[in-house]
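> Have a look at this prediction, sequence included:
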Amino acid sequence: MPVRNRIAELHPDLTEWRHHLHAHPELLYNVEETAGFVVDRLKEFGIADITTGIGKTGVVATIKGRSSGSGKVIGLRADMDALPITEATGLPYASTVPGKMHACGHDGHTTMLLGAAKYLSETRNFDGTVVLIFQPAEEGGAGGKAMCDDGLMERWGIQEVYGMHNMPGLATGQFATRPGPLLASSDEFEIRVTGKGGHAAAPHETVDTTLVASQMVVSLHSIVSRNVDPIKRVVLTVGTFETDSSQSNIIAHTATLTGTVRTLDPEYRLRAEEAVRRVVEGTAASFGATAEVIWTPGYPVTINTPDETAHALDAAKAVSAHVIENVDPIMPSEDFAYMLEQRPGAYMFVGNGDTAMCHHPSYEFDDDLMPAGVSWFAEIVERRMPAA
């Protein structure tokens, strides 16, 4: 079944909503205006069961089907926050807020879930309950975790949960996902190296932290090539290198490195931290320096459960003739992973066409994909909770 006629009819409304959200981006948990816009639309649709303030500024709403004898409860999630990026698209509805931009398409995700809410509230052609999850702070704030910590799954009795993200490079409206790991975990590290500073003319009287930290950079990158199974995916990046010296003839007393580790395997996520600490401590000791590793856990691996992935793909095939059933996993991270740690579910990519990549100042969300995305949300509900 292609895009439903009623959903196709909603396209002008969807476009208007999306352009409004795009012009008024908000960051992290500070999405009060966006959440207010969501609540206003839900009330217009006749949805009365709306709760705000979940995960600080998240919105949760429920829609009952024509019957609820099945007892099934399906969660559908969209993210609301933007990025601290100055927009460079020149669009007539470009961001009106300096230094903030919907450069990842969350305005489109929110709009598609609103479209599904309108359609499902009108038709109610299902047996069970839909829980609409509008989440703040996906972009580095772990809003998904905050909502789960506020009892999202337990309070609303969610049994399965589904989410979606647009994907530049895939044809507009094409769907793609896979069972198992789909997106990587992302952890951050800071390494503080302390030696003994001094004059460049007398290096023998110093412990040169620039040299020590440089050796650490080289050795850290050997972790992936020599400590990781070649068929596993781990990416380690040292992103910054700073010392406390600002003169060419001074040997620094301290040096600081920062970076990230990404992996698709929870076991290697633990192994990577152990390896980083071992390499750093061993390298520092070999030069007579000291070093401290500050490890900051980030988002977990996004892991789709097999049965729910099959349901997500069935829904996609009902909407589009172009579906990739076992797409290659990618190394960005996504905090929908926290929801998938608590409930079975699946995350789906939907094509955004040949556009700039997400997080780029020239990124543009393709409004033409929205009817397909709305239809996918609706198909999930009606297929997983068929009307009696």
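In hand now; what should we look at?
> what's the spacing between the spatially most central residue of the chain and L183?
The centroid of the chain falls nearest to E334 when counting by C-alpha atoms, centre = their mean (2.5 Å). E334 sits at a distance of 5 Å from L183 (criterion: C-beta to C-beta, to the nearest Å). C-beta here means a position set from N, CA and C on the backbone, and glycine is covered the same way.
> for K317, what are its contacts?
Contact partners of K317, counting by C-beta atoms under 8 Å, 6 or more residues apart in numbering, are V323.
> CA atoms of whatever helix or strand it lives in as PDB?
In this assignment (DSSP states H and E), K317 forms part of helix 306-319. The C-alpha trace of helix 306-319 is given here as PDB (Å, rounded to 0.1, in the frame of the first residue of the first chain):
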ATOM      1  CA  PRO A 306      15.000  -8.900  15.400                       C
ATOM      2  CA  ASP A 307      11.200  -9.300  15.500                       C
ATOM      3  CA  GLU A 308      10.500  -5.600  15.800                       C
ATOM      4  CA  THR A 309      12.900  -4.900  12.900                       C
ATOM      5  CA  ALA A 310      10.900  -7.300  10.800                       C
ATOM      6  CA  HIS A 311       7.600  -5.500  11.700                       C
ATOM      7  CA  ALA A 312       9.300  -2.100  10.900                       C
ATOM      8  CA  LEU A 313      10.400  -3.500   7.500                       C
ATOM      9  CA  ASP A 314       6.900  -4.900   6.700                       C
ATOM     10  CA  ALA A 315       5.500  -1.500   7.400                       C
ATOM     11  CA  ALA A 316       8.100   0.200   5.200                       C
ATOM     12  CA  LYS A 317       7.300  -2.200   2.300                       C
ATOM     13  CA  ALA A 318       3.600  -1.300   2.600                       C
ATOM     14  CA  VAL A 319       4.600   2.300   2.000                       C
END
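> Tell me how far that helix lies from the chain's centre.
Put simply, helix 306-319 sits 20 Å off its chain's centre (C-alpha atoms, centre = their mean, to the nearest Å).
> same thing with stretch 52-62?
Using C-alpha atoms, centre = their mean, the offset of stretch 52-62 from its chain centre is 18 Å.
> ok, residues contacting it?
29-32, 35, 38-39, 42, 47, 49-51, 117, 129-137, 143-150, 152, 156.
> mind redoing it with 6 Å?
Stretch 52-62 has contacts (C-beta atoms under 6 Å, 6 or more residues apart in numbering) with 29, 31, 35, 38, 42, 47, 49-51, 129, 131-136, 143, 146-147, 150.
> now do the same end-to-end measure for it.
12 Å (C-alpha to C-alpha, to the nearest Å).
> ok, now stretch 156-175?
Stretch 156-175 has an end-to-end distance of 28 Å (C-alpha to C-alpha).
> cool, and stretch 71-87?
45 Å.
> which other residues reach it?
Counting by C-beta under 6 Å, 6+ apart, 25, 27-28, 31, 34, 94-95, 99-103, 106, 109-110, 113, 128-139, 157-163, 361, 377, 381, 384-385 sit against stretch 71-87.
> Buried among those residues? Make that a PyMOL selection.
Of the contacts of stretch 71-87, the buried ones go into a single PyMOL selection, burial set by 16 or more other C-beta atoms under 10 Å:
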select buried, resi 25+27+28+31+34+94+95+100+101+102+103+106+109+110+113+128+129+130+131+132+133+134+135+136+137+138+139+158+159+160+161+162+163+377+381+384+385
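> Among the contacts of stretch 71-87, which lie within strands?
Among these, the members falling in strands (DSSP state E) are 129-135, 160-163.
> Walk me through the domains of the protein.
With domains defined by automatic domain parsing, the chain comprises 5-182+302-384, 185-296.
> Give me the average confidence score over stretch 217-236.
The pLDDT scores in stretch 217-236 average 91.
> Sort out which residues of it are buried, please.
Buried residues in stretch 217-236 (16+ other C-beta under 10 Å): 219-220, 223-224, 228, 233-234, 236.
> Distance from the chain centre to it, please.
Centre-to-centre, stretch 217-236 and its host chain are 24 Å apart (C-alpha atoms, centre = their mean).
> Contacts for that stretch next, please.
238, 261-265, 268, 275, 279, 283, 331.
> how distant is the very next helix or strand once past the helix holding K317 from the center of its chain?
Next helix or strand after helix 306-319 toward the C-terminus (DSSP H and E): strand 323-324. Strand 323-324 sits 21 Å away from the centroid of its parent chain (C-alpha atoms, centre = their mean).
> Show me what strand 323-324 is packed against.
Packed against strand 323-324 by the contact rule (3 or more C-beta pairs under 6 Å, 6 or more residues apart in numbering; DSSP states H and E) you find no helix or strand.
> Among the contacts of stretch 217-236, the buried ones, what's the PyMOL command?
The PyMOL selection below is limited to those of the contacts of stretch 217-236 classed as buried (16+ other C-beta under 10 Å):
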select buried, resi 238+261+262+263+264+265+268+275+279+283
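> between the contacts of stretch 217-236, which is nearest V293?
Taking C-beta to C-beta as the measure, V293 lies nearest V279 of the contacts of stretch 217-236, at 9.5 Å.
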